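[1] I'll drop the sequence and a predicted model, then ask my questions.
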Number of protein chains: 2
Amino acid sequence: MRDAEQTRQKILEVSADEIHKNGFTATSLSCILARCEISKGALYHHFANKMELGYAVFEEVYAPAFIALWQPPVEADDPIEGLCEFFSAMSKNISCDELVCGCPLNNLCQEMSGVDEGFRIRILAMQQQLNLLIATNLSRVSRQLRPELDFSQVAYFIVSTFHGSSSLSKSSLNKELFDKVIKELCRYMRQLKS
Amino acid sequence: MRDAEQTRQKILEVSADEIHKNGFTATSLSCILARCEISKGALYHHFANKMELGYAVFEEVYAPAFIALWQPPVEADDPIEGLCEFFSAMSKNISCDELVCGCPLNNLCQEMSGVDEGFRIRILAMQQQLNLLIATNLSRVSRQLRPELDFSQVAYFIVSTFHGSSSLSKSSLNKELFDKVIKELCRYMRQLKS
DNA sequence: TTTGCAACCGACCTATCGGTCGGTTAAACT
DNA sequence: AGTTTAACCGACCGATAGGTCGGTTGCAAA
C-alpha cells in the first residue's frame, strides 16, 4: 500500500491538472491534497514547497507532453502540411472546455514569467527548444520553401499565433475565433511554399 | 482639498498600473491604498468591491487607451502600412520593462476570462470591437488586396499574433523574440497586397 | 524480534487577503 | 449659525493561503 513513487506521481498528475485549469497561484495545496486523498505532510515529504512542486510539474509533466505533442507533426515528411493537419485536427477535435484552459506553456508564461525566475528560465528553454525543433525541420525542406525566409523567425511567428489564438478563445468560449485564426495560419504556412 | 472625482481618478490610475504589472488577482488593495495615500474606507466609498473596481479600470482606462492606440494606424490611408509602422515603432520604442508587462487586454483575457463572467464579456466585446475596426478598414482598401481574403479572419489573426508575441516576450526578457515575430508579421501583412 | 527510517499524518502557525462598520471631518445648503 | 450629508478614516473580521513540526505507521534489514 505504501508506494512513495506512486504517491509522488499522483501528486504531479493532479497538480498538473489543477494548474492547467486554475493557474499556478490560484491552485491551492488543500485542493490537491483532497483530490489525492493524502495529508499535507505527505506532500511536503515529496516536495520542498509549492514552487518546487510547480517546477516538477513543468519538467516532468508539461515539458514531455509538449514535445510529444509537437514533434510528430513537425518531423513529418512535409512539416508544413504536418503542422496544418496538426492545428486543423486540434481545432476539430478539442472540446470547448479544453480549449478554454489554453496551452499550459502559454498560461504559465503569462502568469509566472514575470514573477518567478525559476519558472521563467524553464519556460524560455522550452520555447527555444520548440523553436529549434520547428526551424530545423523547416530548413530540412528548404528547397520547397521561399528563399527569403528566416526559419527561426517563422517558427516563433507560428507559435506566437497559436498561443495568441488560444488566449483569444478564453474570452469567446467557443471554437469559432480559434478556427478562424487556425485557418488563416494554415493559409499563411502554405504560402511559405514558393 | 476634498475632491471626490480626483480621488476616484487617482484610484483608477494607480489600480490600472498595478493590475497591468501584477494582474488583477495578485494586485492587493492595500498596495493601491498605500500608493494613493488613502484609507480603505475611501476606496470602498467609491467602489462596491474589488471586482467593480476592476470593471471600472477596464472600461474607463484600458478600453479607451486601447482604442486610442489602435485606431490611428488602422484608419491610415493604407491600413497595412499603418499597422506595419505601428508594430515596428512599438518594437523600436518600447522599453523592456514595458514589454514584459504585456498588453493589458491580453493579460486580463488570459487571467480573468475563465474566472469571472463580467470580465469575460467586457474583454470579448473589446476583442470584437477591435476586430471590426481592423476588418472594416481592410475592406475599405480591398481593391489593393488579394481577392480570396476573409478580412475578419485576417484581423483576428493579426491580433492573435501580436498578443502571442507579447506573451513570448515575458519569458525572454528582451526584445529579440518580439522583434522577430513583428518582422514576420509585417512580412505577412504586406503579402496581403496582391 | 528488534531496530531504524522513509513515508505519512494533521493540528497548528503566521501572514495576508477582501470586506465591514461605527465614527469623524469638511463643506455646502438653509 | 446650525444642520445635513458626502467623503473619508482605520480598527477589526472571517477565510484561506503556504508552511512547520512533533508524532505515528509500516516495512525491511540486522
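    Structure received.
[2] quick one, what contacts the nearest residue to A:K193 once chain neighbours are set aside?
    Leaving out its chain neighbours, the residue that sits closest to A:K193 by CB to CB, 6 or more residues apart in numbering or on different chains is A:Q144, at 5.5 Å. For the C-beta atoms, the positions are set from N, CA and C on the backbone; glycine is no exception. A:Q144 makes contact with A:78, A:80, A:193-194 under the criterion CB atoms under 8 Å, 6 or more residues apart in numbering or on different chains.
[3] Then A:G82?
    A:G82 makes contact with A:72-76 under the criterion CB under 8 Å, 6+ apart.
[4] now A:V159
    Contacts for A:V159 (CB under 8 Å, 6+ apart) come out as A:127, A:130-131, A:134, B:164, B:168.
[5] Scan the residues you listed and report the most crowded one.
    Scoring these on neighbours with other CB atoms under 10 Å in any protein chain shown, the highest-scoring entry is B:G164 at 29 neighbours.
[6] Spell out the secondary structure type for that residue.
    The local conformation at B:G164, judged by DSSP: H, G, I helix; E, B strand; the rest coil, is helix.
[7] So for the host helix or strand of A:K92, what gets flagged as buried?
    When secondary structure is defined by DSSP states H and E, A:K92 falls within helix A:79-93. Neighbour-count burial for helix A:79-93 flags A:79-80, A:82-84, A:86-87, A:90-91 (criterion: 16 or more other CB atoms under 10 Å in any protein chain shown).
[8] With stretch A:129-139 instead?
    Of the residues in stretch A:129-139, A:130-131, A:133-135, A:137-138 count as buried by neighbour count, 16+ other CB under 10 Å.
[9] same thing with stretch A:38-53?
    Taking 16+ other CB under 10 Å as the basis for neighbour counts, the residues of stretch A:38-53 that come out buried are A:38, A:42-43, A:46-47, A:50, A:53.
[10] Now the buried members of the contacts of A:Q144.
    Neighbour-count burial (16+ other CB under 10 Å) is assigned, among the contacts of A:Q144, to A:I80.
[11] thinking again about what came up before, next SSE after the helix holding A:K92?
    Using DSSP H and E, the helix or strand that directly follows helix A:79-93 along the chain is helix A:96-101.
[12] ok now that next one, how far from the chain's centre?
    The offset between the C-alpha centroid of helix A:96-101 and the centroid of the whole chain comes to 13 Å, using CA atoms, centre = their mean, to the nearest Å.
[13] quick revisit: for A:T7, state which of the buried residues of helix A:79-93 is nearest.
    Distance to A:T7 across the buried residues of helix A:79-93 (CB to CB) is lowest for A:M90, with 32.9 Å.
[14] Next one: that closest one from A:L99, what distance?
    Plainly put, A:M90 is 9 Å away from A:L99 if you go by CB to CB, to the nearest Å.
[15] Now stretch A:121-138 - C-alpha only, CSV.
    Written as CSV, here are the backbone C-alpha positions of stretch A:121-138 (Å, rounded to 0.1, in the frame of the first residue of the first chain):
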residue,chain,number,x,y,z
ILE,A,121,14.1,30.1,-17.3
ARG,A,122,12.3,26.8,-17.7
ILE,A,123,9.6,28.3,-19.9
LEU,A,124,12.2,30.1,-22.0
ALA,A,125,14.2,26.9,-22.5
MET,A,126,11.0,25.2,-23.7
GLN,A,127,10.2,28.0,-26.1
GLN,A,128,13.7,27.8,-27.5
GLN,A,129,13.6,24.0,-27.8
LEU,A,130,10.3,24.2,-29.7
ASN,A,131,11.6,26.9,-31.9
LEU,A,132,14.7,24.9,-32.8
LEU,A,133,12.6,21.9,-33.5
ILE,A,134,10.4,23.8,-35.9
ALA,A,135,13.2,25.8,-37.5
THR,A,136,15.4,22.8,-38.1
ASN,A,137,12.6,20.9,-39.8
LEU,A,138,11.7,23.8,-41.9
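[16] Among the buried residues of stretch A:129-139, which one sits closest to chain B?
    Set against chain B, the nearest of the buried residues of stretch A:129-139 by CB to the nearest CB is A:N131 (8.5 Å).
[17] quick check, the longest helix along chain A touching chain B?
    Of all the segments assigned as helix in chain A under DSSP state H, the longest by residue count is helix A:117-140. Yes: with CB under 8 Å from any CB of the partner chain as the criterion, chain B is reached by helix A:117-140 at A:120, A:123-124, A:127.
[18] Helix A:79-93 and that helix, what's the angle between them?
    Computed with axes from the mean of the first three to the mean of the last three CA atoms, to 10 degrees, the direction of helix A:117-140 lies at 120 degrees from that of helix A:79-93.
[19] tell me how far helix A:117-140 is from the chain's mean position?
    Relative to its chain's centre, helix A:117-140 lies at 11 Å (CA atoms, centre = their mean).
[20] which helices and strands does it pack with?
    Helix A:117-140 is packed against helix A:50-57, helix A:63-74, helix A:79-93, helix A:104-112, helix A:151-172, helix B:151-172, with contacts defined by 3 or more CB pairs under 8 Å, 6 or more residues apart in numbering or on different chains; DSSP states H and E.
[21] Please produce a markdown table containing those, extended by distance to DNA strand C.
    Written out in a markdown table, the entries for the helices and strands packed on helix A:117-140 read as follows (distance: least, CB to the nearest atom of the strand, whole Å):
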| stretch | distance to DNA strand C |
| --- | --- |
| helix A:50-57 | 14 |
| helix A:63-74 | 22 |
| helix A:79-93 | 36 |
| helix A:104-112 | 16 |
| helix A:151-172 | 22 |
| helix B:151-172 | 22 |
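[22] I'd like to know which of those helices lies nearest to DNA strand D.
    Each of the helices and strands packed on helix A:117-140 has some distance to DNA strand D by CB to the nearest atom of the strand; the shortest is helix A:50-57, at 3.3 Å.
[23] Brilliant, that's me finished.
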